[in-house]
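>>> From the sequence below, what's the structure:
(2 chains)
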2 protein chains.
Amino acid sequence: MLFSNLKLNNKDPIYIQIKNHIEIMISKGLIPDNSKLPSTRELSQFLNVSRNSIISAYEELKADGVIYSVYGKGTFVNHKNESVNKSWNVDFNCLENEQIKIANDMDIVKSEIPWRDDLISFKSIAPNGALFDIDEFKKAFLNRISLEGHKILNYGYAKGYKPLIDYLLSYMNSKGVDTSNKDILITNGFTEGLEIILSSFTEKDDYIICENPTHNTAKKIFKFLGLNIVGIDIDNDGLNFNMLEEKLDFLEKKGIKPKFAYITPSYHNPTGMVMDPENRYRFYKLMKKYNIPIIEDGFNEELLYSSSHIFPIASLDNLNNGVVYIGSFSKILFPGLRIGWILCDKSVISRIESVKRCKSIHVSFLDQAVLYDYLSSGAFEKYVKKIKKFYGEKFNYAYECVKKYIPNEYILGEGGLHIFIKLKNINSRKLLEKCYDKGVIFMPGDIFYVNEKGEDTLRLGFSRLSFEEIEKGIKIIGDSINSFHN
Amino acid sequence: MLFSNLKLNNKDPIYIQIKNHIEIMISKGLIPDNSKLPSTRELSQFLNVSRNSIISAYEELKADGVIYSVYGKGTFVNHKNESVNKSWNVDFNCLENEQIKIANDMDIVKSEIPWRDDLISFKSIAPNGALFDIDEFKKAFLNRISLEGHKILNYGYAKGYKPLIDYLLSYMNSKGVDTSNKDILITNGFTEGLEIILSSFTEKDDYIICENPTHNTAKKIFKFLGLNIVGIDIDNDGLNFNMLEEKLDFLEKKGIKPKFAYITPSYHNPTGMVMDPENRYRFYKLMKKYNIPIIEDGFNEELLYSSSHIFPIASLDNLNNGVVYIGSFSKILFPGLRIGWILCDKSVISRIESVKRCKSIHVSFLDQAVLYDYLSSGAFEKYVKKIKKFYGEKFNYAYECVKKYIPNEYILGEGGLHIFIKLKNINSRKLLEKCYDKGVIFMPGDIFYVNEKGEDTLRLGFSRLSFEEIEKGIKIIGDSINSFHN
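Numbers count the residues shown, from 1 in each chain, chains lettered A, B, ... in the order given. Prediction:
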């Protein structure tokens, strides 16, 4: 196209006209630095002139230093050509709004201590990938592709892949949730689910209730959206209901109506506590009384012992619409796929479906289809049985080691993939520095607190560590604590 | 766990104590309707009492109508048990903010005419899935899984899968873009890319410049974020530069600085026009003069003829940072995977990486890895060659049919997957009604306009239609137009 407006005349030599045309285009900035020119053959055909004319034009331009050839690659515009477009520097810092600043300030990945190969890391609570059943996953992929073909590679629906939605509805039903007035939206993991709900139903400066400490990603999204956070303490005895009732009273008296209450009842992150049925009911009843819808984070619920009769809070909701449940297998299964779901009132799903469509159209249909195949084949049940045993043993071992080696105020955790420790007046960031020198890292607890508390707490994730590493690492943490007193 | 706080005494009969405990739990709402009770065997073991006691307790409860048994399934809590939790109805409508309302109001899927099996649909510009090379895709999946194993199923990085990022950087480089000061963030398709950029660098009531008509998803996101849209007309002659300069002047005089200028230079949606190199340069220079960063939508650039020497506007930017390029193969390849990318200044990528992490952690690593394998295997090049021919022939055929059958003011489109038609004083929505009755649908053009214009325009997508359907459908549209005059 760069040559389509070149009109050749009969006066000047063809190669000179071509040479001039290229020079003008380059000087106008229409052919960028280092970009490739058409081959002499292509151009001669396109302009319908002899190839020799093109060769001559290119040779002249090379002699002038305007273009250069790379053997076997082609002819390119020289870098030293100073186009008109130098030095336009947009000051994007100045354009940044509050949200991107908060997302950066609160991005713990950016403030992490540097990784070393020899570290025993208790930081992560990601699942151990070595436990993933790759063969079953492959089977699921091949099966879905042969059944669905190109359909799962083309555009799908914002709500999600229908068989997966149906599977999850009956899955939630098997957990005791009445799904007759509920529906599901598939999201890019828990994180997008929470972001979609909050960005649809809250405004800047609204109030949200949550546990303190709480999931740091949730806390980040609250701040990102400019919400005021009302934290309710969790300690040795679980959620402090007295404090919750006082705060609810206080807010009501001030005429403030919190938009949502966010809660992680099972293997709470970071404390690892499991809320018992009575307290789930008590919490539900309180929120109902104050008419504050609950956002229930189904985090790691799958790891509850199989004989457990603990139900999600959503199961208490029956035909009401007071609970928005956000689920995800990511915490134990294929987090790389980023698939989660929101279960709530049908009419709410139909509204947030449009928000999902607006923000990212839909979640990968390939991933949804393969996950559905994997789940419905029975491979998931087998997997959960396997990992419950695996993580259960790891948890018990780690717990014993903590009791043995780490002087503490108290230890929290009832299974799952992590343990939470409150130290006796030891700053966990200072402790982390000492431990890092000795090759051990963990997650300082303060990042989970919505106020200035938690500086003497830490979270230990053990999913990817061997028994030996667990004992060695925890012993090093204990020794480091003891060295504070010497 | 529901039974873990049951303390059996030595006075009352065991089965009575168990019966009472279950009744209390149910009446408290702690065991939801229709949920399953443990089997008599499980419970007798858990409580360490004789199985007969459990059987007796369950029999009594059954007699009272509190629970019921399903043969081969187990024992369940009766539905007629009216728990305390009736009638909590949160009014989510009232909680909705402006964004979710706009996302719904502008969701064209929700206002679509009902689908019928016998329709010839010119509505979609999605690629024809029958052209996807499923075998190559399978190969890419199996190859990546065998090379990377569980790594691509576990958590990855917010920025994206490194090999894919590197591939795309060199891909952009091959299009003439100097990438030495640039970096890439992988996004859930173009849509999330645009949303991330705008939601990071704009505030409500900011101004954005775009073509009029423009991509309806982009328009939806502008409105969703509360931006003021300054539309610059596109007509038979392409972008109206006089109007652009006037608007820029006018805004400057009023002290208004638009945050971005959004542009789709290749196979513009909906007009199908390709901006020529001179106008790309002119546009770039103007935005540079006014210091308004450009968001370039790389939409369907891949379909440009292979001999083409048209470069993205980003290639004019050299070492500047004035262009944010958003790319996606989705429009021609595997849209179901939802993979796009933002290419811009390194420091900007490092900032928006945190926004991506905050909103949805990262794009599916499985999908990124498989796409990378597919692209780098050479399968993509083969595919593009194939579809260029396929869609090229379809375009030419459709174009000839439009010229032949549809009375028009002008026809726009230079290839790609769609054609844009300005009718002579015919309302395209009224036309659509007529055509729908005759089994043909298309996209009314008004949805692409940022003002009240375009009611006499329409877009025809033909990617999934046969030659026969194209001719038949276009003839029906033409006939319907003629029937207006009778």
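>>> now the helices: where do they sit in the stretch 301-450 of chain A?
Ranges of helices in the stretch 301-450 of chain A, per DSSP state H, counting those that start in this stretch, are A:346-360, A:365-376, A:379-405, A:428-437.
>>> which of the ones you listed sits most buried?
helix A:365-376 (a mean of 24; mean count of other C-beta atoms under 10 Å in any protein chain shown). For glycine as for every other residue, the C-beta is placed from the backbone atoms N, C-alpha and C.
>>> which secondary element of chain A has the worst mean pLDDT?
Least confident helix or strand of chain A, by mean pLDDT, DSSP states H and E, is strand A:67-70 with a mean of 77.
>>> That one: partners in the sheet, and parallel or antiparallel?
For strand A:67-70, the pairing partners within the sheet under DSSP bridges are strand A:74-77 (antiparallel).
>>> Which stretches in the stretch 51-200 of chain A count as strands?
Under the criterion DSSP state E, counting those that start in this stretch, the stretch 51-200 of chain A contains strands at A:67-70, A:74-77, A:120-121, A:182-187.
>>> Can you say which of the ones you listed is packed in most?
Between the strands of the stretch 51-200 of chain A, strand A:182-187 has the highest mean count of neighbours, a mean of 25, where neighbours are mean count of other C-beta under 10 Å.
>>> tell me the mean pLDDT over that strand?
Average pLDDT, strand A:182-187: 98.
>>> do stretch A:119-132 as well
Stretch A:119-132 comes out at a mean pLDDT of 95.
>>> quick one: strands adjacent to whichever strand in chain A runs longest?
Assignment by DSSP state E gives strand A:228-235 as the longest strand of chain A. Next to strand A:228-235 in the sheet, as set by DSSP bridges, lie strand A:207-212 (parallel), strand A:238-239 (antiparallel).
>>> Kindly reformat the ones you listed as CSV containing mean neighbour count and mean pLDDT.
Output for those, formatted as CSV (neighbours: other C-beta atoms under 10 Å in any protein chain shown; pLDDT from 0 to 100):
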stretch, mean neighbour count, mean pLDDT
strand A:207-212, 24, 98
strand A:238-239, 20, 96
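>>> What's the local residue count around A:Ile55?
15 (other C-beta atoms under 10 Å in any protein chain shown).
>>> Apart from its chain neighbours, what residue comes closest to it?
Counting by C-beta to C-beta, 6 or more residues apart in numbering or on different chains, the nearest residue to A:Ile55 once its immediate chain neighbours are dropped is A:Thr40, at 5.3 Å.
>>> before we move on, the earlier item: and the helices of the stretch 301-450 of chain A as JSON lines, adding mean pLDDT?
Supplementary listing: the helices of the stretch 301-450 of chain A in JSON lines, determined by pLDDT from 0 to 100:
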{"stretch": "helix A:346-360", "mean pLDDT": "97"}
{"stretch": "helix A:365-376", "mean pLDDT": "97"}
{"stretch": "helix A:379-405", "mean pLDDT": "94"}
{"stretch": "helix A:428-437", "mean pLDDT": "96"}
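>>> quick one on the thing from earlier: could you dump the strands of the stretch 51-200 of chain A to CSV with distance to B:Ser53?
CSV is the format used below for those (distance: least, C-beta to C-beta, whole Å):
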stretch, distance to B:Ser53
strand A:67-70, 88
strand A:74-77, 88
strand A:120-121, 50
strand A:182-187, 37
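>>> can you give me the helices in the stretch 1-150 of chain A?
Using DSSP H, counting those that start in this stretch, the helices of the stretch 1-150 of chain A run over residues A:14-27, A:40-47, A:51-63, A:92-95, A:98-105, A:134-148.
>>> for the residue nearest to A:Tyr290 when sequence neighbours are not counted, what are its contacts?
Leaving aside its sequence neighbours, A:Tyr290 sits nearest to A:Leu248 (C-beta to C-beta, 6+ apart; 5.3 Å). By C-beta atoms under 8 Å, 6 or more residues apart in numbering or on different chains, A:Leu248 lies in contact with A:209, A:286, A:290, A:292.
>>> ok so, going back, determine how far the longest strand of chain A lies from the middle of the whole chain.
On the basis of C-alpha atoms, centre = their mean, to the nearest Å, strand A:228-235 sits 23 Å off its chain's mean C-alpha point.
>>> Same question for stretch A:41-54.
Taking mean C-alpha positions (C-alpha atoms, centre = their mean), stretch A:41-54 and its chain are 54 Å apart.
>>> Could you confirm whether that stretch reaches chain B?
Yes: judged by C-beta under 8 Å from any C-beta of the partner chain, stretch A:41-54 and chain B are in contact via A:42, A:46.
>>> Spit out the contact partners of A:Gly340.
A:Gly340 touches A:186-193, A:326-330, counting by C-beta under 8 Å, 6+ apart.
>>> Using CSV, lay out these together with distance to chain B.
Shown next, in CSV, are the contacts of A:Gly340 (distance: C-beta to the nearest C-beta, whole Å):
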residue, distance to chain B
A:Ile186, 12
A:Thr187, 8
A:Asn188, 4
A:Gly189, 6
A:Phe190, 9
A:Thr191, 5
A:Glu192, 4
A:Gly193, 9
A:Ile326, 13
A:Gly327, 16
A:Ser328, 11
A:Phe329, 11
A:Ser330, 8
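>>> any idea of the mean pLDDT in stretch A:222-235?
97.
>>> Do I have it right that A:Leu465 meets A:Ser124?
No: judged on C-beta atoms under 8 Å, A:Leu465 makes no contact with A:Ser124 at a distance of 9.5 Å.
>>> ok so, going back, now the strands paired with strand A:228-235 in TSV, with distance to A:Tyr281?
TSV is the format used below for the strands paired with strand A:228-235 (distance: least, C-beta to C-beta, whole Å):
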stretch	distance to A:Tyr281
strand A:207-212	17
strand A:238-239	13
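>>> Now A:Asn451: closest residue in space that isn't a chain neighbour?
Once flanking residues are discounted, A:Asn451 sits nearest to A:Gly231: 6.0 Å by C-beta to C-beta, 6+ apart.
>>> and the stretch 151-300 of chain A, which of its residues are near chain B?
Within reach of chain B by C-beta under 8 Å from any C-beta, the stretch 151-300 of chain A has these residues: A:151-156, A:158, A:176-178, A:187-189, A:191-192, A:195, A:199-203, A:217, A:220-221, A:224, A:259, A:276-278, A:280-281, A:284-285, A:288, A:291, A:293.
>>> Report the buried members of the residues you listed.
Buried members of those, scored by 16 or more other C-beta atoms under 10 Å in any protein chain shown, are A:151-156, A:158, A:176-178, A:187-189, A:191-192, A:195, A:199-202, A:217, A:220-221, A:224, A:259, A:276-277, A:280-281, A:284-285, A:288, A:293.
>>> ok now do A:Lys123, which residues does it touch?
Listed by C-beta under 8 Å, 6+ apart, the contact partners of A:Lys123 are A:441-443, A:461.
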